[in-house]
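K.L.:
here is the input, now give the coordinates:
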Amino acid sequence: MLSDMEKDVLKKKFTGLVNDVELAIFTQETECQFCKETRELALELAAISPRIKTKIYDFVKNGDEDIKYNIKKIPAIAIIGKNDYGIRYYGVPGGYEFAAFVDDIIDVSKGTTSLSEDMKKKLADIKKPVHLQVFVSPTCPYCPKAARIAHQFAIENEFIRADVIEMTEFPYLVQRYSVMSTPHIVINEDTSFVGAQPPEVFIEQINMALKASYNPMYS
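P.N.:
Model prediction:
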């Protein structure tokens, strides 16, 4: 799925990997429409750097792993470093999302992000569970920014987990959350906002959602 030129560029980028990163891929024996592409992309990335490991799980047969990683739909990729930061991709991380996916791998390997110290302090004040769902599309140039911020927040705060969801692959979720355009960010099921907002707006929206309605039983 990657050209030789792309592999050469990635090989240079992956020299910045500090610790091993595991890509846990969830598919099934009779693969879903985009499962094959998702699996093959992850395997190609792993072949570029010895720091990147892959594990492939059958969504039907490996139920314990589904529960462990909180995977409820496929295709799915969990990006795991020294810790499981709750970073998930649902769907093929292609198009504009691919660069963000690569940057996520690098951040997870380092266990830290490029967020400002002031932003990290604000994130440290969040002490309640936050589930971010960022709906994206591969042709949306603004989506990677929203995806990156959500995943950076998850790395910096253990109470935050963040899913990036390719909207065209999960139409039932698009309908459930009334997604009309991307990026569309859902916070703890009942609050949402739209657009590639800066981190400051992101955290304001999270704090507003937590104050307005806190439900520890979010899915």
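K.L.:
partners of the spatially most central residue of the chain in the sheet?
P.N.:
Geometric centre of the chain, nearest residue: Arg88, 3.7 Å, by CA atoms, centre = their mean. As for beta bridges, Arg88 partners with Ala78, Asp163 under DSSP bridges.
K.L.:
list the buried residues for stretch 61-69?
P.N.:
62, 65-66, 69 (16 or more other CB atoms under 10 Å). (Glycine included, C-beta is placed from N, CA and C.)
K.L.:
picking up where we left off before, next up, the contacts around the residue nearest to the centre of the chain.
P.N.:
69-71, 76-79, 161-164 (CB atoms under 8 Å, 6 or more residues apart in numbering).
K.L.:
which of the residues you listed lies closest to Gly16?
P.N.:
Ile79 (15.2 Å; CB to CB).
K.L.:
how much space between the closest residue in space to that closest one that isn't next to it in sequence and Lys12?
P.N.:
Once flanking residues are discounted, Ile79 sits nearest to Ile87: 4.6 Å by CB to CB, 6 or more residues apart in numbering. Separation of Ile87 from Lys12 (CB to CB, to the nearest Å): 23 Å.
K.L.:
low pLDDT regions in this structure?
P.N.:
Scanning the chain with the threshold set as pLDDT under 70 gives 213-219.
K.L.:
helices along that one, start to end?
P.N.:
4-13, 35-48, 63-68, 97-110, 117-124, 143-156, 171-176, 199-212 (DSSP state H).
K.L.:
so which of these comes closest to Val130?
P.N.:
Using CB to CB, the nearest of the helices of the chain to Val130 is helix 199-212, at 5.7 Å.
K.L.:
the closest one vs helix 143-156, what angle?
P.N.:
60 degrees (axes from the mean of the first three to the mean of the last three CA atoms, to 10 degrees).
K.L.:
then helix 199-212 to CSV, C-alphas only?
P.N.:
Output of helix 199-212 as CSV, limited to C-alpha atoms (Å, rounded to 0.1, in the frame of the first residue of the first chain):
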residue,chain,number,x,y,z
PRO,A,199,-6.2,22.9,21.8
GLU,A,200,-7.4,25.7,24.0
VAL,A,201,-10.9,25.4,22.5
PHE,A,202,-10.7,21.6,22.7
ILE,A,203,-10.1,21.7,26.4
GLU,A,204,-12.7,24.4,27.0
GLN,A,205,-15.3,22.1,25.3
ILE,A,206,-14.2,19.1,27.5
ASN,A,207,-14.5,21.2,30.7
MET,A,208,-17.9,22.5,29.6
ALA,A,209,-19.1,18.9,28.9
LEU,A,210,-17.8,17.6,32.2
LYS,A,211,-19.6,20.4,34.1
ALA,A,212,-22.8,20.1,32.1
